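need the 3D shape of this:
(chains A, B, C and D)
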There are 2 protein chains.
Amino acid sequence: MSVRARMQRFEQALRERGLKSTAQRDDIARVFFAAREHVSVEELYGAVRRVSPRVGYATVYRTLRLLKECGLAAERHFDDGQARYEAVEEQEHPHDHIICERCGKIVEFASEELERLQERIARFLGFVVSRHRMELYGVCADCREGRRGSRREHGVHQV
Amino acid sequence: MSVRARMQRFEQALRERGLKSTAQRDDIARVFFAAREHVSVEELYGAVRRVSPRVGYATVYRTLRLLKECGLAAERHFDDGQARYEAVEEQEHPHDHIICERCGKIVEFASEELERLQERIARFLGFVVSRHRMELYGVCADCREGRRGSRREHGVHQV
DNA sequence: GTCAGTGCAAAAGATTTGCATGCGA
DNA sequence: TCGCATGCAAATCTTTTGCACTGAC
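Numbers count the residues shown, from 1 in each chain, chains lettered A, B, ... in the order given. Now for the predicted structure:
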């Protein structure tokens, strides 16, 4: 989905909630949607300040919370401790992450087989699953072969 | 493994590193090993204070870091944001967690089928996996059926 | 004109660190 | 005795909140 389309969804969400559209909110949302996936608050704040230097940290946090509540952003906690955010696709299929421990690249993937297995395991343990999270950590092909590689890797890979 | 056996491993690890055995370290380690799994620092601090009221927060953190470095404790970050620690079994098989969103019970499980699937997915994406983490969130049988149930559920379930 | 939104600073919560003192080896 | 370990308080770091001012509607 384009940044423009996402912005329209954001503006619509604001209207639906009777919230105001402001220059700051727009700047933060636009930078967020245009950013590489999985930004930390710090990274987002830095990028926003380059566009609009008077924006405060608190507004970035507040707008990120707003985007989360509108279903336009998702918060992720990876093992390094710091929270990261990613833009959510419309009707997005839940997906998982595989992370290169050398270059930091994060690749998204979805596996129906994995989901079925999770259901099965949960049922065996007496649980009904509502959500899950899985992360694989390792080394990507680019790093193993000494290539530079792109840290950007778009979209969810169906595996 | 018993608390006693774990304490012996701890004392040995201290000696190997040329570190001192102190009353505080022993108290914290003993309470940690005896505690239910997945304690937060706050919970551990509270429990240690009941045994030894003069211990400081900093010492709990420092000892927990030490236990981690000795391979006797593992740090886990679940989705609620706060870090939790669990005692590590000797030659422990990596395992995953399923968490009841109603009563907070955490059940550990290990699945070879899951591991094989993870390997397969990673290979497909060009990665070599070194570790992983998976959490399932849902509602346990006890909660669904209005039973009280035990929050303790020992050991890793092979599924 | 109203009142939600913003920036700033202060607060809050989690964790780490500096330092004088204590205590294990 | 010597130096690591401790307790305390202060410093960090991340995130939230209070408040007076601003600006969207």
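
secondary structure element for the residue minimising distance to the centre of chain A?
Central residue of chain A (C-alpha atoms, centre = their mean): A:Glu86, 1.4 Å from the mean position. Per DSSP states H and E: A:Glu86 is located in strand A:83-87.

show me the strands in chain A, by range?
For chain A, applying DSSP state E gives strands covering A:39-40, A:73-77, A:83-87, A:96-100, A:106-110, A:128-139, A:156-158.

and the fourth one, how far from the chain's centre?
Meaning strand A:96-100. Here strand A:96-100 is found 12 Å from its chain centre; the criterion is C-alpha atoms, centre = their mean, to the nearest Å.

that one pairs with which strands, and in what direction?
strand A:106-110 (antiparallel), strand A:128-139 (parallel) (DSSP bridges).

run a quick check on the residue nearest to the centre of chain A versus A:His38, I expect a contact.
Yes. Counting by C-beta atoms under 8 Å, A:Glu86 does reach A:His38; the two are 5.2 Å apart. (C-beta placed from N, C-alpha, C; glycine too.)

residues that sit against both of the two, list them.
Counting by C-beta atoms under 8 Å, 6 or more residues apart in numbering or on different chains, the shared contacts of A:Glu86 and A:His38 are A:Arg76.

the helices in chain A, which residues?
A:3-17, A:23-34, A:41-51, A:57-69, A:112-124, A:141-144 (DSSP state H).

circling back: and the strands of chain A: which comes nearest B:Gly46?
Shortest distance between B:Gly46 and the strands of chain A, using C-beta to C-beta, is found for strand A:73-77: 24.2 Å.

for A:His154, which non-adjacent residue is spatially closest?
A:Glu37 (7.9 Å; C-beta to C-beta, 6 or more residues apart in numbering or on different chains).

so who does the one you found touch?
A:Glu86, A:Ala87, A:Ile106, A:Glu108, A:His154.

tell me how far A:Lys105 lies from A:Phe78.
13 Å (C-beta to C-beta, to the nearest Å).

who touches both of those two?
In contact with both A:Lys105 and A:Phe78: A:Ile99, using C-beta under 8 Å, 6+ apart.

what pLDDT does A:Gly81 get?
On pLDDT, A:Gly81 comes in at 66.

meant to ask about A:Gln91, not that
A:Gln91 carries a pLDDT value of 64.

in ChimeraX, how would I select just the buried ones from the contacts of A:Glu37?
Of these, the buried ones go into a single ChimeraX selection, burial set by 16 or more other C-beta atoms under 10 Å in any protein chain shown:
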select /A:86,87,106,108
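
show me which of the contacts of A:Glu37 is closest to DNA strand D.
Proximity of the contacts of A:Glu37 to DNA strand D was ranked by C-beta to the nearest atom of the strand; the top entry is A:Glu86 with 14.3 Å.

could you give the bridge partners of the closest one?
A:Ala74.

quick one: it from chain B, how far?
For A:Glu86, the distance to chain B (C-beta to the nearest C-beta, to the nearest Å) stands at 15 Å.

how near is that residue to A:Ala13?
Counting by C-beta to C-beta, the gap from A:Glu86 to A:Ala13 is 17 Å.

next one: A:Ser130
24 Å.

okay, those two: which has more neighbours?
Each of A:Ser130 and A:Ala13 has its neighbours counted (other C-beta atoms under 10 Å in any protein chain shown); A:Ala13 has more, 17 against 11.

which bits of chain A sit near chain B?
A:77, A:79, A:81, A:83, A:98, A:100-101, A:107, A:109, A:111, A:113-114, A:117-118, A:121-122, A:124-142, A:144, A:157, A:159 (C-beta under 8 Å from any C-beta of the partner chain).

restrict those to those near DNA strand C?
Counting by C-beta under 7 Å from any atom of the strand, nothing from the residues of chain A next to chain B sits close to DNA strand C.

just the buried residues of these.
A:77, A:98, A:100, A:107, A:109, A:111, A:114, A:117-118, A:121-122, A:125-127, A:129, A:132-140, A:142, A:157, A:159.

what about A:Leu14, how many neighbours?
A:Leu14: 18 neighbours (other C-beta under 10 Å).

would you check that it makes contact with A:Arg25?
Yes. Contact criterion C-beta under 8 Å: A:Leu14 and A:Arg25 qualify, at 7.4 Å.

picking up where we left off before, could I get the strands of chain A as a markdown table with distance to A:Val51?
Formatted as a markdown table, the strands of chain A follow (distance: least, C-beta to C-beta, whole Å):
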| stretch | distance to A:Val51 |
| --- | --- |
| strand A:39-40 | 14 |
| strand A:73-77 | 18 |
| strand A:83-87 | 17 |
| strand A:96-100 | 28 |
| strand A:106-110 | 24 |
| strand A:128-139 | 31 |
| strand A:156-158 | 28 |
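
alright, I will stop here.
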